[in-house]
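# Sequence and predicted structure, then a few things I'm wondering about:
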Amino acid sequence: MSKKIFSGVQPTGNLHLGNYLGAIKNFVELNNDKQNECIFCVVDLHAITVKQDKDQLKNNIRETAATFIASGIDPNKSIIFNQSKVYAHAEGSWMLSCMTPMGWLNRMTQFKEKAGKDKEKASVGLYIYPILMASDILLYDATHVPVGEDQKQHLELTRDIAQKFNKDFNCKDFLKVPEPLIKKNFSRIMSLKNGLKKMSKSDPSDLSRINLTDSEDEIINKIKKAKTDSLPIPNEEQKLKDRPEAENLLGIYSSISNQSLDKTLKEFGGKNFSDLKNELAEILSSKIIPISNEIKRLINDEKYLDKILLDGANKAEQIAGKKIEEMKEIIGF
Ligand code: TYM
């Protein structure tokens, strides 16, 4: 069955292994299936929910597009564009905001985490961020949305919003209720320094993550310094309970090697972490360095990247522009 895929990544710099294994690697697989229609968006409107430097933002938008292409997304097959170029996203977000109860947003755990202790100082944009995300998805009638585990709650909200809109305006099936595509395993990659914390671009320690632009030496060094525990590697999954760092490194190895955790445990069970780390650094380098080199090559070609983004925006506009007009008609404008 052909799928309509939509997903987005924020251009906030430091795209890392979590973004790659949790999302971008799956984008590439979906792009490679001829039957799918894929749209991958650089969500720059989402990025400004926290303060951004103007020049840095411009570079990060290009770098995110470059990362998509360097990872294997074919811009001739999939639409790649940045969100701020298609006005319908912000317009749709407003209309959906007007029918989304505040109570639904108050449940969002990511807002609570990101806003921190001083919620009063967080931007309104950060609070309504998930509604913009719903607008992104619903404007394209996306059937499937590939994301990491941390976006699950936002996708549930998107589904609720679609159903409420259809019910409130008596327009059954107008907004399509999308399915999340979250890998059962390895959809939450953790920090290399703390197995209980998500790998994140905002972690102040660069040693906590592998960036997709890291050099081979950096990858080797970060894996060498990754936190482990003092026990040997077990050979069964149950024995990984309460060993988050071990579970994370074994998960990363399995995911990047496209094999099950069970197979990895058979390979390394009884061995020391130094054995796993050597192999892990090697396979990560072999997969990440070509991507890193290609990102660096592409970001020097601003003209090419801007053309991809502009062509993508024109195609996206055709789809989203039509849907937003229908939405307005339904609402009564
Ligand atoms: P963002 O930019 O924070 O992350 C991009 C993608 O990377 C995944 N991810 C991870 N997966 C596994 N382990 C991790 N440590 C990890 N860190 C990040 C995220 O789950 C995500 O899939 N709100 C979204 C962007 C967005 C979007 C959308 C996504 C805006 N509109 C519409 C899908 C559909 C976000 O902040 O992603």
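Happy to help now that I have it.

# In this protein, where's the longest helix?
helix 302-331 (DSSP state H).

# Next, the buried residues of it.
Of the residues in helix 302-331, those with enough neighbours to count as buried (16 or more other C-beta atoms under 10 Å) are 304-305, 308-309, 312-313, 315-317, 319-320, 323-324, 327, 330. To be clear about C-beta, it is placed using only N, CA and C from the backbone, and glycine gets the same treatment.

# The nearest residue to residue 224 once chain neighbours are set aside: what's it in contact with?
The spatial neighbour of residue 224 that comes closest, neighbours along the chain excluded (C-beta to C-beta, 6 or more residues apart in numbering), is residue 277 at 6.1 Å. If a contact means C-beta atoms under 8 Å, 6 or more residues apart in numbering, then residue 277 has 223, 224, 226, 228, 249 as its contacts.

# can you redo those residues as TSV with pLDDT and secondary structure?
What follows is the contacts of residue 277, written out as TSV (pLDDT from 0 to 100; DSSP: H, G, I helix; E, B strand; the rest coil):
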residue	pLDDT	secondary structure
223	98	helix
224	98	helix
226	98	coil
228	97	coil
249	98	helix
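
# Are any of those residues buried, and if so which?
The neighbour-count test (16+ other C-beta under 10 Å) applied to the contacts of residue 277 identifies 223, 226, 228, 249 as buried.

# Now for these: which two are most distant?
Of all pairs drawn from the buried ones among the contacts of residue 277, the one with the largest separation by C-beta to C-beta is 223 and 228; the distance is 10.4 Å.

# re earlier: the residue nearest to residue 224 sits in which helix or strand?
Secondary-structure assignment from DSSP states H and E places residue 277 in helix 273-299.

# Can you check the pLDDT for the residue of the stretch 101-250 of the chain found nearest the ligand?
The ligand sits closest to residue 148 of the stretch 101-250 of the chain, with a gap of 2.3 Å, by C-beta to the nearest ligand atom. pLDDT recorded at residue 148 is 96.

# separation between it and residue 126?
According to C-beta to C-beta, to the nearest Å, residue 148 stands 19 Å off from residue 126.

# So if I had to pick from those two, which one is more boxed in?
Remark: of residue 148 and residue 126, residue 148 carries more neighbours, 21 against 18, as counted by other C-beta atoms under 10 Å.
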